[in-house]
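Peer 1: model this:
(one chain, ligands or ions: 1)
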Amino acid sequence: MLRKIFNPARLSRFQRTMVTVSSSDALVSTEVDDKTGYATVTLNRAPVNSLSLELMTEIVKTVDELERSNIRGMVLTSFSNKVFCAGLDIMEMVNPDLDRLRAVWTRLQDTWASLYGTSFPTVALINGHAPAGGCLLALCCEYRVMCNNFNIGLNETQLGLAVPPWLQGTMRQTIGTREAEIHCIKGTMFNSQDALKIGLVDELAAENGEAMQRALHYLNTFKQMSPYARSATKLLMRNKDIEDMKRGRKEDVERFVENVMNSDFQNGLTVYLQSLKNRKNK
Ligand SMILES: CCCCC/C=C\CCC/C=C/CC(=O)SCCNC(=O)CCNC(=O)[C@H](O)C(C)(C)COP(=O)(O)OP(=O)(O)OC[C@H]1O[C@@H](n2cnc3c(N)ncnc32)[C@H](O)[C@@H]1OP(=O)(O)O
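Peer 2: Below is the predicted model:
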């Protein structure tokens, strides 16, 4: 069954309302162009948009609001021209409170489901590095435009984390089964050129302005198309994955908690954090 379908009857409401959302200190800011109906959603959590519980909650809320406002497309990007999103906030996993840790993973599942299941078209404008959870956000979008000279990939295994089945599935759909298996297991990070070659991203751009033009070009390809047929087809393709994730979500949370609470993982995390700091001090 379709979870959400674009409702053409609501279009007149959309044409009347027009929007710029969120305050300057918001973790996520949204601007909607009233001529095109395209929203630009900017992740705003300095320094590296790491996914804390609060940031993920804001992403889910934003996508839900946009779904209700009947926008015609969305570009997801970062305030920083260096990091799109650094993945899960590592501090959420250091000696965590168990209730909060469960909430973090549950919210990551929600973030994946809401972004992956939008009725409107979505483009990730990847204007910086996108490891792990950053790559996840990009994979949820329909189309990916990446600026040159950055890295992207699911490097979880390099950090001692298992990649959950729902995210493996999204990777498989994007780069194919064989490549997804190899690169999820290895935890490969790709530079922009290699990401394009393997199909992890769809286009490259020299800088942000060009990337935005390419993103808008993708959204414009749907201008003359029935929004109903477009969104119904997308959701018919994606809804089963979302239902599957929801069926297994409790076990998935417990697997994550077990993974994170393992003492080897906690020790590895301390070393990893230190290595990030050392790299910075070089
Ligand atoms: C069923 C079991 C399931 C198990 C779950 C597994 C996978 C599911 C997939 C989704 C979840 C994935 C897990 C993750 O996402 S773990 C996080 C992975 N992320 C990384 O490894 C990235 C680490 N960061 C970097 O490589 C770099 O910071 C950078 C993103 C390339 C940016 O480099 P640069 O611009 O040079 O910035 P700095 O390195 O100086 O960083 C500035 C500042 O930010 C801190 N920081 C960086 N990344 C994170 C982070 N992810 N969380 C929290 N904090 C982060 C960094 O330590 C610096 O802090 P200080 O200024 O205080 O030193």
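Peer 1: Name the helix or strand for E31, please.
Peer 2: strand 28-32 (DSSP states H and E).
Peer 1: residues contacting the residue lying closest to W105 once chain neighbours are set aside?
Peer 2: Counting by C-beta to C-beta, 6 or more residues apart in numbering, W105 lies nearest to F256, which is 4.4 Å off, once chain neighbours are set aside. (Each C-beta comes from the backbone N, C-alpha and C, glycine too.) F256 is in contact with 101, 105, 164, counting by C-beta atoms under 8 Å, 6 or more residues apart in numbering.
Peer 1: Any residues of this structure in contact with the ligand? List them.
Peer 2: Applying C-beta under 6 Å from any ligand atom, we find that the chain lies next to the ligand at 47-48, 50, 82-83, 86-91, 129, 131-133, 136, 155-156, 159, 161-164, 167, 252, 255-256, 259, 276-277, 280.
Peer 1: among these, which ones are buried?
Peer 2: By neighbour count, with 16 or more other C-beta atoms under 10 Å, the residues of the chain next to the ligand hold 48, 50, 83, 86-90, 129, 131-133, 136, 155-156, 159, 161, 163-164, 167, 252, 256, 259 as buried.
Peer 1: mind listing which of those residues are in helices?
Peer 2: Secondary structure from DSSP state H places 133, 136, 156, 159, 167, 252, 256, 259 of these in helices.
Peer 1: list the contacts for the residue in the stretch 51-200 of the chain positioned nearest to the ligand?
Peer 2: With C-beta to the nearest ligand atom as the measure, the residue in the stretch 51-200 of the chain that lies nearest the ligand is G87; the distance is 2.6 Å. For G87, the contact set (C-beta under 8 Å, 6+ apart) comprises 50-51, 131-136.
Peer 1: Export those residues to JSON lines and append columns for pLDDT.
Peer 2: As requested, the contacts of G87 are arranged in JSON lines below (pLDDT from 0 to 100):
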{"residue": "S50", "pLDDT": "98"}
{"residue": "L51", "pLDDT": "98"}
{"residue": "P131", "pLDDT": "97"}
{"residue": "A132", "pLDDT": "96"}
{"residue": "G133", "pLDDT": "97"}
{"residue": "G134", "pLDDT": "98"}
{"residue": "C135", "pLDDT": "98"}
{"residue": "L136", "pLDDT": "98"}
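Peer 1: Turn those residues into JSON lines, including distance to I182.
Peer 2: Converted to JSON lines, the contacts of G87 look like this (distance: C-beta to C-beta, whole Å):
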{"residue": "S50", "distance to I182": "27"}
{"residue": "L51", "distance to I182": "25"}
{"residue": "P131", "distance to I182": "18"}
{"residue": "A132", "distance to I182": "17"}
{"residue": "G133", "distance to I182": "21"}
{"residue": "G134", "distance to I182": "20"}
{"residue": "C135", "distance to I182": "15"}
{"residue": "L136", "distance to I182": "18"}
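Peer 1: and which of the residues you listed is nearest to D241?
Peer 2: Here the nearest of the contacts of G87 to D241, counting by C-beta to C-beta, is L136; it sits at 13.3 Å.
Peer 1: So the residue lying closest to that closest one once chain neighbours are set aside versus S192, what's the distance?
Peer 2: Taking C-beta to C-beta, 6+ apart as the measure, L136 lies nearest to L167, with 5.9 Å between them; neighbours along the chain are not counted. For L167, the distance to S192 (C-beta to C-beta, to the nearest Å) stands at 21 Å.
Peer 1: follow-up on the earlier one: quick one: which of the contacts of F256 is nearest to S69?
Peer 2: W105 (28.7 Å).
Peer 1: Quick check: that closest one touching V257?
Peer 2: Yes: W105 is in contact with V257 according to C-beta atoms under 8 Å; the separation is 7.2 Å.
Peer 1: between these two, which one's more packed in?
Peer 2: Here W105 and V257 are compared on neighbour count by other C-beta atoms under 10 Å; more neighbours surround W105, at 24 against 16.
Peer 1: Tell me how far the helix or strand containing that one lies from the chain's centre.
Peer 2: Element membership for W105 (DSSP H and E) is helix 98-116. Between the centre of helix 98-116 and the centre of its chain there are 12 Å (C-alpha atoms, centre = their mean, to the nearest Å).
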